[in-house]
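Student: Sequence first, predicted model second:
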Amino acid sequence: MFKSASYILCCCAVFALQGSWAASPEKGQSVCLLSDPPNQCGQFCLRTLGPMQSKLASIEGKQDVMQTKLLAVQSRLEAQRTSLMSKLEDQTTSLKSELDGQLKGQNTEIQSKLDSQLQAVQSAIKEEKTEIQSKMDGQLQTVNSTLEAQGSKLNHQLQALQSALEAQQVAEQSRLDSQLLALQSEMKALHTNIVNSILLAVQEKLDEHKADLQESLKKMITREDFEARVNETEGKIGAVQANLPALQTAIEHQLNALQNQSGSQQKTLLENLSKMNSKIAPPKFELIGSRYFYIEQNLKQNWSTAAASCRQMGGYLAAFRDEQEWSAVTLKLRNDWYWIGINDIDNEDEFVSVASGRPAPFFLWNSGEPDHLLNQDCVGIKNTEMYDSPCRDEELFICQWDNEI
């Protein structure tokens, strides 16, 4: 019913706005618009539209009432919504505060538990670290003690070997000195004996001639015989005197031969001592291949200072016999520069070994080396190849024990 009334009301509103029509213009008929329906319409029209206008007015009144009620409902709903929003905000704030308190308490509790667990873990780690450190200290002390014992043992052995070597050297030197003294005594005695024998022989000859002269005088020999015998005696004496330089020269030759023999014996003895020394390597040197080398891995020096350091250790800056020895030594080197004992300081492009003073037997130059630039007279190595470099540069170095190469 309400829908029908609304439909009729809408129709009337259309009629009121546009007026009524008598015929559709689309069918070619005229249209009469009513600008004043009460005066322009007849009684039939008024009777027909009157109830509808009354109903329309009633409907409009009801609509106003409904509109008023609707506004009131909207006002109540808005008030309720505002109240609900306020309560919701209060409850949200309260709930948030409560949740914040609970979360804070839980966070505090969790943080406390975590702190306790962390302290427990830290304590356990600290105890374990202390235990490990204690074990490591014990092991280190054991290793140090073992190394000290071994070092002390090696030092005692080295001292014993050095003492034995020194005693042997003293004994050999004593024996050599005694042999030399004995040879000198023998040479002096021989010289004395030879001179005495010669003088004695001369004296005997003189005595014989003197006796002969005396015997001749006794027999009253003639003046001519006496002079002849005197001349003969003087000739023999002159012959003896002429033979004296030859005898002295022979004696000197014998003395020189004895001295040469003594010198050769002394040289042999020194060579034997040198060979004995070569069997005992000094500290820090290690056997690489068939020879002893020392590789300095920390201290960098210029070439001259490095050579002096090797001499202080009992060795020389190193040179190499062949490629096999070169490869064995360079396997132990780092990726760095090392001095070796080869240079052409005296004569350009004549590279000699500082240990032997002879031309170095083995080279393995880098491409383009030696380039003979100014003051590049000393040989160094890097990455298993040789370079000529300025002697003032500071590099690591390699020493050899012997002076054979």
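Tutor: Looks like it arrived, so ask away. Numbers count the residues shown, from 1 in each chain.
Student: name the element residue 347 belongs to?
Tutor: Assigned by DSSP states H and E, residue 347 belongs to no helix or strand.
Student: If you tally nearby residues, what's the number for residue 327?
Tutor: For residue 327, the count of nearby residues is 13 (other Cβ atoms under 10 Å). Any C-beta I mention is one placed from the backbone N, CA and C, and that applies to glycine too.
Student: show me the contacts for it.
Tutor: For residue 327, the contact set (Cβ atoms under 8 Å, 6 or more residues apart in numbering) comprises residue 384.
Student: Kindly report the same for residue 300.
Tutor: 394, 395, 396.
Student: Name the SS class of residue 388, please.
Tutor: Secondary structure assignment for residue 388 (DSSP: H, G, I helix; E, B strand; the rest coil): strand.
Student: repeat for the one 3 residues further on
Tutor: For residue 391, the assignment made with three-state DSSP gives coil.
Student: what's near enough to touch it?
Tutor: 302, 303, 304, 343, 345, 375, 377, 378.
Student: now, which of those lie within helices?
Tutor: 303, 304 (DSSP state H).
Student: Now do the buried residues in stretch 358-377.
Tutor: 360, 369, 370, 376, 377 (16 or more other Cβ atoms under 10 Å).
Student: can you put the contacts of residue 391 in TSV and add pLDDT and distance to residue 119?
Tutor: Output for these, formatted as TSV (pLDDT from 0 to 100; distance: Cβ to Cβ, whole Å):
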residue	pLDDT	distance to residue 119
302	97	58
303	97	61
304	96	63
343	96	68
345	92	70
375	83	67
377	93	68
378	96	64
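Student: neighbour-wise, which of the contacts of residue 391 leads?
Tutor: That'd be residue 378 among the contacts of residue 391, by other Cβ under 10 Å, with 28 neighbours.
Student: That residue pairs with what?
Tutor: residue 343, residue 389 (DSSP bridges).
Student: Derive a ChimeraX selection command for the buried subset of the contacts of residue 300.
Tutor: Buried residues among those (16+ other Cβ under 10 Å), as a ChimeraX selection:
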select :395,396
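Student: where does residue 135 land on pLDDT?
Tutor: We have a pLDDT of 81 for residue 135.
Student: what helix or strand does residue 87 sit in?
Tutor: helix 43-218.
Student: and what of residue 397?
Tutor: Applying DSSP H and E, one finds residue 397 within strand 395-400.
Student: if we look at that strand, which residues are touching it?
Tutor: 285, 291-303, 306, 309-310, 313, 315-319, 329, 334, 336-341, 355, 380, 389.
Student: Show me those that map onto strands.
Tutor: The strands, defined by DSSP state E, take in 291-301, 316-317, 338-341, 380, 389 from the contacts of strand 395-400.
Student: returning to what we had before: which one of the buried residues of stretch 358-377 is nearest to residue 110?
Tutor: The shortest gap between residue 110 and any of the buried residues of stretch 358-377 belongs to residue 369, at 71.6 Å (Cβ to Cβ).
Student: Which residues are in contact with the closest one?
Tutor: Residue 369 neighbours (Cβ under 8 Å, 6+ apart): 385, 386, 387, 388.
Student: which ones are touching the second one?
Tutor: Right, the one you point to is residue 386. Neighbouring residues of residue 386 by Cβ under 8 Å, 6+ apart: 340, 342, 363, 364, 365, 366, 369, 379, 380.
Student: switch the cut-off to 10 Å
Tutor: 320, 326, 340, 342, 351, 360, 362-366, 369-370, 379-380 (Cβ atoms under 10 Å, 6 or more residues apart in numbering).
Student: which one of those residues is nearest residue 63?
Tutor: residue 366 (111.5 Å).
Student: Quick check: that closest one vs residue 233, distance?
Tutor: 89 Å (Cβ to Cβ, to the nearest Å).
Student: same question, residue 381
Tutor: 85 Å.
Student: Of the two, which one has the most company?
Tutor: The residue with more neighbours, out of residue 381 and residue 233, is residue 381; 26 against 17, by other Cβ under 10 Å.
Student: residue contacts, the nearest residue to the more buried one once chain neighbours are set aside?
Tutor: Of all residues not flanking residue 381 in the chain, residue 338 sits nearest, at 5.3 Å (Cβ to Cβ, 6 or more residues apart in numbering). Applying Cβ under 10 Å, 6+ apart to residue 338 gives the contacts 295-297, 300, 306, 317-318, 329-330, 380-382, 395-398.
Student: Try it again at 7 Å.
Tutor: For residue 338, the contact set (Cβ atoms under 7 Å, 6 or more residues apart in numbering) comprises 380, 381, 395, 396, 397, 398.
Student: tell me which of those is nearest to residue 67?
Tutor: Checking those one by one against residue 67 (Cβ to Cβ), the nearest turns out to be residue 396, at 107.0 Å.
Student: If I look at that closest one, what pLDDT would I see?
Tutor: 98.
Student: just to revisit the earlier point, let's have the contacts of residue 369 in a markdown table, adding distance to residue 402 and pLDDT.
Tutor: Output for those, formatted as a markdown table (distance: Cβ to Cβ, whole Å; pLDDT from 0 to 100):
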| residue | distance to residue 402 | pLDDT |
| --- | --- | --- |
| 385 | 24 | 95 |
| 386 | 21 | 96 |
| 387 | 25 | 95 |
| 388 | 25 | 94 |
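Student: show me where pLDDT drops low in the stretch 51-200 of the chain?
Tutor: 143, 146-147, 151-152, 154-155, 157-185, 187-188, 191, 195 (pLDDT under 70).
Student: 80 instead?
Tutor: 51-54, 56, 107, 121, 125, 129-130, 132-134, 136-200 (pLDDT under 80).
Student: One more: the stretch 301-405 of the chain?
Tutor: Ranges of the stretch 301-405 of the chain meeting pLDDT under 80: 372-374.
Student: domain parsing for this structure?
Tutor: 2-86, 175-278, 286-400 (automatic domain parsing).
Student: And stretch 288-301, what's buried?
Tutor: 288, 291, 292, 293, 294, 295, 296, 300, 301.
Student: Of all pairs in those, which one is the farthest apart?
Tutor: Largest separation among these by Cβ to Cβ: 291 and 300, giving 24.0 Å.
Student: Next, work out how far apart residue 98 and residue 105 are.
Tutor: 11 Å.
Student: With that, I have no additional questions.
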